[in-house]
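Enquirer: okay, predicted coordinates and the sequence, questions at the end:
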Amino acid sequence: MLKDILRKAYDEKPLDVNDVKQILMASQGEQQHEVFHLARELRERYFGNKIFSYGFVYYSTHCRNKCNFCYYRRGNKEAPRYRKLKSDIVGIAWDLARSGVHLIDLTMGEDPYFLAYPEKLVDIVKEVYDVTKLPIMISPGVVEPQVLSSLKKAGAVWYALYQETYDQELFAKLRYRQSYNKRLRLKKIAKDLGYLVEEGLMTGFGDTLGQRAESILSMESIHPSQVRTMTFVPQKGTPMEGKIINNNRNELLMIAAMRLCYPDKLIPASLDVEGLVGLKDRLNAGANVITSLIPPEEGLAGVSQSKLDINNGSRSLIQVLPMVEECGLRLGTQEEYQNFIYTEEQCMVTL
Ligand code: SF4
């Protein structure tokens, strides 16, 4: 019975794969209402009514890989390609910091240029940290452990590397010719180096209920401090272009299931899938970080939706705040965000 599973989650007893499946299968109406209600209650238990916000700087859209779902896969002529100069990246990060975000997310495709000159990445992280004094999340893809180590010393706090799924066959279909185990191992290495790790899953591309449930539970193996899911958006010029777009129900139930499984962790509500319109649903499903905030008119792209809501300014903090308040939430202070980081770092010491 769903009620018994929700009681178990309320008491923070470990959920098994059948429990998670039941949560993901909650029917629209009363059942989903109860699931989302509990997700918010658990969020409140650990975070009160505060949420956090991340500024996103997608500074290079070049990539050596050919992930079948990704707009920026190598060889896709449809995708806009750019590589920002360090001075531009630092300027954008500074603008984001002034707007009040809690963290700067520095993301790139696996750009062969930066992979050949990792010291340039290190310089970028150093300077962004010097100028903003904000925690930095890096998403450079699969890099050498020594590079991760240098980036950590330069000021990076978080390492984001999404598995997308913990089903190895499915992984092979998504992340064309990439190593499942190497990706997983790198997250464990990052933890050993002292990083907080963000894990991410994708849904809506033909993944099954069982695969979703298993993946949510399997993420625990890397002890993530932030867990996320995003709905697949078909991209022009990719092998998965013709896939039918799913509605966001799976994503919302996955956010809630993640909150029930990882009540004290951060869970993003990305603006990258549906823009501002989809924010409220995600917050009401238990998310507590707004990610993918992008300053307008800087020539930056999003990941899933390369243009959505960017140049009209709807991905800026000031635009999302009214919606945050409508959900009965408030933006946490920088000190509150630093406290979260500190607590997670202490947890790592005792792991
Ligand atoms: S998902 Fe990342 S690694 Fe894969 S093609 Fe896109 S940018 Fe490259």
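Expert: Great, that's in hand. Numbers count the residues shown, from 1 in each chain.
Enquirer: please count neighbours and contacts with C-alpha atoms only from this point.
Expert: OK.
Enquirer: what sits against the residue nearest the centre of the chain?
Expert: Centrality entry for the chain: nearest residue to the mean C-alpha point is Arg228, 4.9 Å, by CA atoms, centre = their mean. Shown in contact with Arg228 (CA atoms under 8 Å, 6 or more residues apart in numbering): 198-201, 255, 258, 267-269.
Enquirer: quick one, phi psi at it?
Expert: Here is the backbone geometry of Arg228 (degrees, to the nearest 10): phi -140, psi 160.
Enquirer: returning to that earlier point: filter the contacts of Arg228 down to the ones in strands?
Expert: Members of the contacts of Arg228 lying in strands (criterion: DSSP state E): 198-201, 268-269.
Enquirer: of these - the most surrounded one?
Expert: Ala269 (30 neighbours; other CA atoms under 10 Å).
Enquirer: you'd agree Val142 is up against Met108?
Expert: No: under the criterion of CA atoms under 8 Å, Val142 is not in contact with Met108, lying 10.9 Å apart.
Enquirer: sorry, back to before: which among the contacts of Arg228 gets closest to Gly155?
Expert: If you rank these by distance to Gly155 using CA to CA, Glu198 comes first, at 16.6 Å.
Enquirer: and that closest one, how far is that from Cys347?
Expert: Look at Glu198 and Cys347: by CA to CA, to the nearest Å, they are 15 Å apart.
Enquirer: Serialize the contacts of Arg228 to TSV and add fields for pLDDT and distance to Gly275.
Expert: Conversion of these to TSV gives the following (pLDDT from 0 to 100; distance: CA to CA, whole Å):
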residue	pLDDT	distance to Gly275
Glu198	98	21
Glu199	98	21
Gly200	98	18
Leu201	97	19
Ile255	98	17
Met258	98	21
Ile267	98	17
Pro268	97	13
Ala269	95	10
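Enquirer: same list (those) but as CSV, adding distance to the ligand.
Expert: Converted to CSV, those look like this (distance: CA to the nearest ligand atom, whole Å):
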residue, distance to the ligand
Glu198, 15
Glu199, 14
Gly200, 12
Leu201, 12
Ile255, 21
Met258, 22
Ile267, 20
Pro268, 18
Ala269, 19
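Enquirer: quick one: neighbours of Glu344, just the number.
Expert: 17.
Enquirer: for it, helix, strand, or coil?
Expert: Secondary structure, DSSP: H, G, I helix; E, B strand; the rest coil: Glu344 is helix.
Enquirer: ok, Ala287 touching Lys265?
Expert: No: Ala287 is beyond contact range of Lys265, at 9.7 Å (criterion: CA under 8 Å).
Enquirer: in the helix or strand where Lys182 lies, what's buried?
Expert: Lys182 is part of helix 180-192 when elements are defined by DSSP states H and E. Buried residues in helix 180-192, counted by 16 or more other CA atoms under 10 Å: 180, 183-184, 186-188, 190-191.
Enquirer: and that helix, what does it pack onto?
Expert: Under the contact definition 3 or more CA pairs under 8 Å, 6 or more residues apart in numbering; DSSP states H and E, helix 180-192 sits against helix 145-154, helix 168-174, strand 196-203.
Enquirer: export the ones you listed to a markdown table and tack on distance to Leu121?
Expert: Converted to a markdown table, the helices and strands packed on helix 180-192 look like this (distance: least, CA to CA, whole Å):
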| stretch | distance to Leu121 |
| --- | --- |
| helix 145-154 | 8 |
| helix 168-174 | 27 |
| strand 196-203 | 19 |
